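> what's the 3D shape of this:
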Amino acid sequence: MTRERIYLFDTTLRDGQQTPGIDFSVEDKISIASLLDNFGFDYVEGGYPGANPTDTRFFEKKRTGRASFVAFGMTKRAGISVSNDPGMSLLLQAKSDAICLVAKSWDYHVKVALGCSNEENIDCVEQSVAATVAAGKEAMVDCEHFFDGYKNNPDYALAVARAAYQSGARWVVLCDTNGGTQPSEIRDIVAACIASGIPGDHLGIHAHNDTGQAVANSLAAIEAGVRQVQGTLNGIGERCGNANLVTIIPTLVLKPAFSDRFETGIDPEKLQGLTQLAHAFDELLNRSPDHQAPYVGASAFATKAGIHASALLKDPRTYEHVPPETVGNLRKVMVSDQGGKSNFINALKRRGITVSKDDPKLDRLISIVKEREATGYAYEGADASFELLARSTLGSIPEFFAVESFRVMVERRFDANGQLKTVSEAVVKVQIDGEVTMSVAESSHGPVNALDIALRKDLGKYQSEIGDLELADFKVRILNGSTAAVTRVLIESTDATGARWWTVGVSDNVIDASFQALMDSIIYKLMKNREQVGQIAAE
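Sure thing, here's the model as predicted:
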């Protein structure tokens, strides 16, 4: 039996940025787009070019390799042409594969927000879609407040949706913008859209979570006929958030009610990276993952001692709706921790490391990781540090250099002009091939920056190899209270090849934690260089 295709549209970089407390930098957006692209999403919406400097810079080049890169923006304004509308011009010039145009589909909003007639609004939709198609980009229209609009004036809401479709939009996305629509209403209204002449394979759903039903509404829409689903990683978004794609995807892939009828771009092997994706994203946001998140939470497959644990040990199916390894998670029975090896083997395999399940070194690695995570390490968001730990435990990595000592001083003083300034000075002693070099660096950007400059100032024969190494981001999280708190530092690095990697350090001293992450970043870079040389030689 041929299964129908469901297209996955991620709007984390646009809708997710509206989450209180979240403000993505360009580097954040590049990192997240890479995570989404590698995982297998069909569409990655990057934001609103022209709305702010970050989004404008982000759209200066295409940021995905496989996924369609989508720019978001408004249809042209009433009373002016497409060519004279600055917003449309920026959208058409953006380095994107597709444009998602937001259009009013509730006549109340047309009157109050746009101040134009219903007919003028439809004309704006038609001309904007036509211009997008003429520019060689895939066009889609988000029908804002569609469900509320339909309940208020069904004929007009449907007219807006049909105008988008008939003008050439590949997707007409029905938005539950206020998040108050119920699943039964979703089914009925989607059915009405299809009956009005818009095929289901041109319809999408965009649900908000204001009643806690965004996932349920998205699945109800798919059952009713839509074939594109929009949402965000971990359900972030304004107010109560958006539909959580981390919950929707495994439901579509693993639950027979959907998997027997539909297929997505995520195969079972990719799905095993779901937990890592969700946790890596939380680490990038510098926040703790939700332990009770469906499928990917640390407690999603955890059972305490008692009759549940007893039954689970006999047959996991007694208290698990899916095997945890299918989504890259772990089974946890508090009195007897079960499994875990398959997850580590898969994680190692993805990094080109082969190890036998019976290898005692694997048990040692698992033990080390669990011990370190108990002290605050988080390897889901620090792939390079995990790989270095794995390679050093299972085999060996070259000792490129050894740091004998480092010292950091911070001085707050008045300069010659009477201005108060804070200057940091770092001294690092490094041994390479038996020779010790001492490097000194000063920085007005803090002690970690001074330490970074000093560490990379003179690495002898390796100096030329780290010339293109750049630290793209630096995040600090306090793991417990007080000024004596344990601190976790996460560093993102990149180089001229475009590769990006993350390293982690943990200590009750923020400078020491930072140094650990800095060291791992440099060692990983040197090791990566040798792997690339080996690959070229093999070819």
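> next secondary structure after the helix or strand where A33 lies?
Element membership for A33 (DSSP states H and E) is helix 26-39. Read in the C-terminal direction, the helix or strand following helix 26-39 is strand 43-47, with elements assigned using DSSP H and E.
> what sits up against the helix or strand just after that next one?
From strand 43-47 onward toward the C-terminus, using DSSP H and E, the following helix or strand is helix 53-58. Residues from elsewhere that reach helix 53-58, judged by CB atoms under 8 Å, 6 or more residues apart in numbering: 13, 24-26, 29-30, 46-50, 90. In short, each C-beta sits where N, CA and C put it, glycine included.
> make TSV out of these and add distance to R66.
Conversion of those to TSV gives the following (distance: CB to CB, whole Å):
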residue	distance to R66
L13	16
F24	21
S25	24
V26	21
K29	17
I30	16
G46	15
G47	19
Y48	23
P49	21
G50	26
L90	25
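> of these, closest to Y295?
For those, the closest approach to Y295 (CB to CB) belongs to L13, at 22.2 Å.
> quick one, phi psi at I368?
I368 adopts backbone torsions of phi -60, psi -50, taken as degrees, to the nearest 10.
> excluding chain neighbours, what is closest to it?
Of all residues not flanking I368 in the chain, T393 sits nearest, at 6.3 Å (CB to CB, 6 or more residues apart in numbering).
> and for that neighbour, the neighbour number?
Residues near T393, counting by other CB atoms under 10 Å, number 17.
> of the contacts of helix 53-58, just the buried ones, ChimeraX syntax please.
Entered in ChimeraX, the line below selects the buried ones among the contacts of helix 53-58, by 16 or more other CB atoms under 10 Å:
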select :13,24,26,29,30,46,47,48,49,50,90
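> still on that earlier bit, the helix holding A33 to strand 43-47, inter-axis angle?
When axes from the mean of the first three to the mean of the last three CA atoms, to 10 degrees is applied, the directions of helix 26-39 and strand 43-47 differ by 170 degrees.
> counting contacts, what elements does helix 26-39 pack onto?
In terms of contact count using 3 or more CB pairs under 8 Å, 6 or more residues apart in numbering; DSSP states H and E, helix 26-39 is assigned the packing partners strand 43-47, helix 53-58, helix 274-284, strand 470-478, strand 500-507.
> hey, which of those is tucked in deepest?
Burial among the helices and strands packed on helix 26-39, expressed as mean neighbours by mean count of other CB atoms under 10 Å, is greatest for strand 43-47, which shows a mean of 27.
> counting contacts, what elements does that one pack onto?
strand 7-10, helix 26-39, helix 53-58, strand 68-74.
> partners of the first one, with directions?
Strand 7-10 has the following strand partners under DSSP bridges: strand 43-47 (parallel), strand 228-231 (parallel).
> looking at the helices and strands packed on helix 26-39, which is closest to G352?
strand 500-507 (14.2 Å).
> next SSE after that closest one?
As assigned by DSSP H and E, the chain's next helix or strand after strand 500-507 is helix 510-538.
> so which elements touch that next one?
Applying 3+ CB pairs under 8 Å, 6+ apart, one finds that helix 510-538 makes contact with helix 383-394, strand 402-414, helix 447-455, strand 470-478, strand 487-494, strand 500-507.
> okay, angle between that helix and helix 447-455 too, please.
Angle between the axes of helix 510-538 and helix 447-455 is 40 degrees (criterion: the same axes, to 10 degrees).
> buried set for helix 510-538?
510-511, 513-528.
> how about stretch 447-461?
447-457, 459.
> where does this structure dip in pLDDT?
Along the chain, the model assigns pLDDT under 70 to residues 1, 303-319, 332-340, 481, 483, 532-539.
> let me know the outermost residue of it.
Most distant from the centre of the chain: A416, at 46.8 Å, with distances by CA atoms, centre = their mean.
> and that one, backbone torsions?
The main-chain torsion angles of A416 are listed as degrees, to the nearest 10 and equal phi -60, psi -20.
> same question, L252
Comment: the main-chain dihedrals of L252 come out as phi -70, psi -40, following degrees, to the nearest 10.
> could you tell me how many residues sit around it?
Counted with other CB under 10 Å, residues neighbouring L252 total 24.
> OK, contacts around the nearest residue to it once chain neighbours are set aside?
Spatial nearest neighbour of L252, chain neighbours left out: F258 (4.7 Å); criterion: CB to CB, 6+ apart. If you count contacts by CB under 8 Å, 6+ apart, F258 has them with 219, 222, 251-252.
> quick one, strands of the stretch 201-350 of the chain?
For the stretch 201-350 of the chain, the strands defined by DSSP state E, counting those that start in this stretch cover 203-207, 228-231, 262-263, 302-303, 332-333.
> neighbours around P20, how many?
Once other CB under 10 Å is used to define contacts, P20 is seen to have 8 neighbours.
> which SSE is K421 in?
Assigned by DSSP H and E, K421 belongs to strand 420-432.
> partner strands of that strand, with direction?
As defined by DSSP bridges, the strand partners of strand 420-432 come to strand 402-414 (antiparallel), strand 435-443 (antiparallel).
> same list (those) but as JSON lines, adding distance to N329.
Supplementary listing: the strands paired with strand 420-432 in JSON lines, determined by distance: least, CB to CB, whole Å:
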{"stretch": "strand 402-414", "distance to N329": "36"}
{"stretch": "strand 435-443", "distance to N329": "42"}
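> nearest to V322, out of the ones you listed?
Taking CB to CB as the criterion, strand 402-414 is the member of those that comes nearest to V322, at 45.5 Å.
> please state the offset of the closest one from the chain centre?
Mean C-alpha position of strand 402-414 versus that of the full chain (CA atoms, centre = their mean, to the nearest Å) differs by 35 Å.
> swap in stretch 222-234?
Computed by CA atoms, centre = their mean, the separation of stretch 222-234 from the middle of its chain amounts to 18 Å.
> that one: end-to-end distance?
From the first residue to the last, stretch 222-234 extends over 20 Å; the measure is CA to CA, to the nearest Å.
> output the strands of the stretch 201-350 of the chain as CSV; include the columns mean neighbour count and distance to C175.
Rendered in CSV, the data for the strands of the stretch 201-350 of the chain read as follows (neighbours: other CB atoms under 10 Å; distance: least, CB to CB, whole Å):
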stretch, mean neighbour count, distance to C175
strand 203-207, 28, 4
strand 228-231, 28, 8
strand 262-263, 16, 21
strand 302-303, 20, 36
strand 332-333, 20, 38
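> dump those to JSON lines, plus distance to R350.
Compiled in JSON lines, the strands of the stretch 201-350 of the chain are given as follows (distance: least, CB to CB, whole Å):
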{"stretch": "strand 203-207", "distance to R350": "31"}
{"stretch": "strand 228-231", "distance to R350": "25"}
{"stretch": "strand 262-263", "distance to R350": "23"}
{"stretch": "strand 302-303", "distance to R350": "24"}
{"stretch": "strand 332-333", "distance to R350": "22"}
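> nearest to L35 among those strands would be which one?
Closest to L35 of the strands of the stretch 201-350 of the chain is strand 228-231 (CB to CB; 14.9 Å).
> contact partners of that closest one?
Residues lying outside strand 228-231 but in contact with it, judged by CB under 8 Å, 6+ apart, are 6-11, 43, 171, 173, 203-207, 214, 218, 221-222, 242-245, 248.
> please report how far N217 lies from G498.
Taking CB to CB, to the nearest Å as the measure, N217 falls 38 Å from G498.
> ok, K528 next?
Separation of K528 from G498 (CB to CB) stands at 12 Å.
> also R63?
Between R63 and G498 the distance is 11 Å, computed by CB to CB.
> these two: who's more crowded?
When neighbours are counted by other CB under 10 Å, R63 and G498 differ, and R63 comes out ahead with 22 against 8.
> surely that one touches D28?
No: with contacts defined as CB atoms under 8 Å, R63 does not count as touching D28, sitting 11.8 Å away.
> and the strands in the stretch 51-200 of the chain?
68-74, 98-104, 138-144, 171-176.
> state the paired neighbours of the last one in the sheet, together with their directions.
Just to be clear, that refers to strand 171-176. strand 138-144 (parallel), strand 203-207 (parallel).
> quick one: the shortest one to strand 98-104, angle?
Spelled out, it's strand 203-207. With the same axes, to 10 degrees defining the directions, strand 203-207 sits at 70 degrees from strand 98-104.
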